[in-house]
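*Asks:* Sequence first, predicted coordinates after that:
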Amino acid sequence: MNARTIAFCTLLAALLSAPGGAPAEERLSVSSLATPSATVGHYTIGSASAQEQEAYNYLTEDRNRYGLPTLPLDPTLCALARLKSQDMIDGGYFAHTSPTLGNASQMLRDYGYSFTSVGENIARHATVLKAHAAFLSSEDHRRTMMSTSWTKVGIGVALDADGNAYVTELFVR
């Protein structure tokens, strides 16, 4: 793990364990970021991990159905996508540009993620399946998902207090 990744993981852990958050025994450790497995406040990490895998499976099935290659799921990109999903919940907004993180390009650059191009899909739905269906029914979102220019993907899911899934897909090359 390089210094930028460690700094990112430390910052993310601090954000998710801020005062008023979960008790110390439930807080994220740096090593748990890529594979979430605990509950922190209103962010259900264990469930989100299963939902992130579900979203990845839907994406892969649809890309393969159209003869497109499977994109590798990048754990660091997943952590950034998860951060964006949680930021939308915490900030009470739903938009591609975050008041705290900026747009996808700014966020990736600020956290030291190396890329030449990025695409972002965001959704807020009752389930990951409904979010995926919404992506497919939108020409722009579908174009992003089915582009041949991407080399990796990260998917982040966070649940709001009502259990609604905020899904962020980050595609990079």
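*Replies:* Great, that's in hand. Residues are numbered from 1 along each chain as shown.

*Asks:* okay, CA-based contacts and neighbour counts for the rest of this
*Replies:* Will do.

*Asks:* where's residue 51 relative to residue 112, distance?
*Replies:* 26 Å (C-alpha to C-alpha, to the nearest Å).

*Asks:* for the record, mean pLDDT for the longest helix anywhere in the chain?
*Replies:* What stands out as the longest helix in the chain, according to DSSP state H, is helix 45-65. The pLDDT scores in helix 45-65 average 86.

*Asks:* Could you check it and say which residues are buried?
*Replies:* 45, 47-49, 51-56, 58-60, 62-63 (16 or more other C-alpha atoms under 10 Å).

*Asks:* Which other helices and strands does it contact?
*Replies:* helix 128-137, helix 139-146, strand 152-159 (3 or more C-alpha pairs under 8 Å, 6 or more residues apart in numbering; DSSP states H and E).

*Asks:* then the longest one to PDB, C-alphas only?
*Replies:* The one in question is helix 128-137. Extracted in PDB, the C-alpha atoms of helix 128-137 (Å, rounded to 0.1, in the frame of the first residue of the first chain):
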ATOM      1  CA  VAL A 128     -29.700  -2.200  -6.100                       C
ATOM      2  CA  LEU A 129     -31.700  -4.100  -8.800                       C
ATOM      3  CA  LYS A 130     -34.000  -1.000  -9.200                       C
ATOM      4  CA  ALA A 131     -30.900   1.200  -9.400                       C
ATOM      5  CA  HIS A 132     -29.400  -1.000 -12.100                       C
ATOM      6  CA  ALA A 133     -32.700  -1.000 -14.000                       C
ATOM      7  CA  ALA A 134     -32.700   2.800 -13.900                       C
ATOM      8  CA  PHE A 135     -29.200   2.900 -15.300                       C
ATOM      9  CA  LEU A 136     -30.200   0.600 -18.100                       C
ATOM     10  CA  SER A 137     -33.300   2.700 -18.900                       C
END
